[in-house]
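Colleague: the following comprises the amino acid sequence and a computationally predicted model.
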Amino acid sequence: MTISVNIRQVVGPEDAARRNTQGLRDGFVIEELFRPGEISLTYSHLDRMIVGGVSPVADALTIDRVAETGTDHFLDRREVALINIGGPGTVSVGGTDHALGFQEALYVGMGGGELAFRSTDPAKPALFYLLSAPAHRKCPTVLITRDMAKKVVLGSAEESNARTINQYVHPEVCESCQLLVGLTMFEPGSVWNTMPAHVHDRRMEVYLYFGMQETTRIFHFMGEPGETRHLVLKNHEAVLSPGWSIHSGAGTGRYAFIWAMAGDNMSFTDMDKVPMEALR
């Protein structure tokens, strides 16, 4: 079994402002995350976050050693969060099985051991979205359902951004070393996410857009507040967000997204808000 790993170097704001559409996509967009029967990882030098898609079908897929981390085992100096956005499946952590249904999550601390992924029904395969950051201490493995998540209701129908933020890996829900992970759901008719915009130079972030129809598209906005750019994303595409960049978007139809952060602190509310008049 081959684990494919794509390396993404850090892109600065001046470089990003000069790139064309393909250049921006090469630096920030992660395509084809979920390939049947494969493990696809992207290693970003933004806080050394690894973003991945694991798509088991008939056979189990395993992650034990990833050469790009330079350690004997993947979780020797890392923690990982997994969210299943497909059919039911099982994740084995060091030989212990954990069943994950749709939109259920699993946090695995540093030193957790080998990870093995299986789909309960190959005709309805699981889609495990993987997020991993360096760790310096071990935290317990925790299975997190959507009912367990801390819920934050924001926005309004009038502003087209009424949404519920489900905080999965969060200090009030699940202990972690530096990962913060959650899932944002929208009320019918609301299309804008993370607007008004903000930045947080203490932490990077990554979004995965999902739950979209084949023809639905997200217009994702990035860049410094006074030098914004946009990317057009489809279902199951992820986008990396450096600390200097805004990360907002609007959809042409119903969608949801998973966000994850790594960096200096674990304060979800630590953000520098950008006034609307500052956006260009």
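Modeller: All right, it came through fine.
Colleague: now do the same end-to-end measure for stretch 209-226.
Modeller: Across stretch 209-226, the terminal residues are separated by 25 Å (CA to CA, to the nearest Å).
Colleague: in that stretch, what's buried?
Modeller: By 16 or more other CB atoms under 10 Å, the buried positions in stretch 209-226 come out as 209-212, 216-218, 220-225. For the C-beta atoms, the positions are set from N, CA and C on the backbone; glycine is no exception.
Colleague: quick one: average pLDDT of that stretch?
Modeller: Taken as a whole, stretch 209-226 has an average pLDDT of 97.
Colleague: before we move on, what about stretch 115-126?
Modeller: Stretch 115-126 shows a mean pLDDT of 97.
Colleague: quick one: that stretch to chain centroid distance?
Modeller: Chain-centre distance of stretch 115-126: 20 Å, with CA atoms, centre = their mean, to the nearest Å.
Colleague: okay, it in CSV with CA atoms only?
Modeller: The C-alpha coordinates for stretch 115-126 follow below in CSV (Å, rounded to 0.1, in the frame of the first residue of the first chain):
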residue,chain,number,x,y,z
LEU,A,115,-4.0,3.7,12.6
ALA,A,116,-6.1,1.3,10.5
PHE,A,117,-9.2,2.4,8.6
ARG,A,118,-12.1,0.2,7.4
SER,A,119,-15.5,0.8,5.8
THR,A,120,-18.4,-1.1,7.3
ASP,A,121,-20.0,-1.4,3.9
PRO,A,122,-17.8,-1.1,0.8
ALA,A,123,-20.9,0.0,-1.2
LYS,A,124,-21.1,3.0,1.2
PRO,A,125,-17.5,3.7,2.0
ALA,A,126,-16.4,5.8,4.9
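Colleague: all helices of the protein, in order?
Modeller: Secondary structure of the chain (DSSP state H): helices located at 13-18, 21-28.
Colleague: now tell me which of these the model trusts least on average.
Modeller: Mean pLDDT is lowest for helix 13-18 among those, at a mean of 94.
Colleague: what lies in contact with that one?
Modeller: Residues from elsewhere that reach helix 13-18, judged by CB atoms under 8 Å, 6 or more residues apart in numbering: 24, 27-28, 222-224, 227, 229, 242, 244-245.
Colleague: now it: buried residues?
Modeller: Buried, per 16+ other CB under 10 Å, within helix 13-18: residue 16.
Colleague: which of the buried residues of stretch 209-226 sit farthest apart?
Modeller: Maximum pairwise distance in those, criterion CB to CB, is 29.4 Å, between 211 and 224.
Colleague: list the residues that contact the nearest residue to residue 38 once chain neighbours are set aside.
Modeller: In space, residue 38 comes closest to residue 55 once its chain neighbours are excluded; the distance is 6.1 Å by CB to CB, 6 or more residues apart in numbering. For residue 55, the contact set (CB under 8 Å, 6+ apart) comprises 34-39, 61, 86, 125-128.
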